[in-house]
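A.B. asks: Kindly generate the corresponding structure for this input.
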Amino acid sequence: MPSNTLNIAVFASGGGSNFQAIHDACVKGTIPGRISLVVASSAKAGVLERAARHNIPSRICNISDDAMQIMEGYEVDIVVLAGYMRLIPEHVVTAFKDRMLNVHPSLLPAFGGKGMYGTRVHEAVVRHGVKVTGATIHLVDNAYDSGPIVLQEAIPVESHETPDDIAARVLEVEHRIYPEAVRLLAEKRLHREGRRVHILPKTSAS
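C.D. replies: As a prediction, the model looks like this:
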């Protein structure tokens, strides 16, 4: 592994399909980095099995654990939240300012915030009768789903669709745009000004 390869920590609470999408992009060389650590919120998280299959170290982060201590020794450069159901402590957010990403299954700021995750989001989309939804990748700050937006992609909502139908299509979007956002961050092509995130052009050094 080249010495300049970035180390990525993935935090997840579920099956880890976004972990898989990002790992695949790393293996292909699309992302100039590797996942060096997986942190799960529970021993039951399916992401742990995925990490084991790829020989990636994993840790379980209980509510009393210090995420910074867990990451010690892994030389983590970037943190990626992939369906992690806990609020990241403020000191961790500060340590990884503008180097921590999260994915949300709606077009933020719509249908975000505490308690809005997974099926709850898609049920709200159907209940409100919106015409478009999608996925958002954003930088992490000290509140749920409130950080500056990096990438978004919209999909139309058809009147006959169920929350499960929408969830499946939104997940496809996540698997496409999350690795792209990680790549841009790894290439140092994200420039934040207040709440706006600008994507810088690719250079020979990127």
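A.B. asks: need the next SSE after the helix or strand of the chain with the lowest mean pLDDT, C-terminal direction.
C.D. replies: Each helix and strand of the chain was given a mean pLDDT (mean pLDDT, DSSP states H and E); the minimum falls on helix 67-71 at a mean of 91. Next along the chain after helix 67-71, taking DSSP states H and E as the criterion, comes strand 78-81.
A.B. asks: How far does the helix or strand following that next one sit from its chain's centre?
C.D. replies: Moving toward the C-terminus from strand 78-81, the next helix or strand (DSSP H and E) is helix 90-95. Relative to its chain's centre, helix 90-95 lies at 16 Å (C-alpha atoms, centre = their mean, to the nearest Å).
A.B. asks: Check which helices and strands helix 90-95 sits against.
C.D. replies: Under the contact definition 3 or more C-beta pairs under 8 Å, 6 or more residues apart in numbering; DSSP states H and E, helix 90-95 sits against helix 67-71. Quick note: C-beta positions are derived from backbone N, CA and C, even for glycine.
A.B. asks: and with 10 Å instead?
C.D. replies: Counting contacts by 3 or more C-beta pairs under 10 Å, 6 or more residues apart in numbering; DSSP states H and E, helix 90-95 packs against helix 67-71, strand 78-81.
A.B. asks: Quick check: which of these is nearest to Asp164?
C.D. replies: Of all those, strand 78-81 sits nearest to Asp164, with 23.2 Å by C-beta to C-beta.
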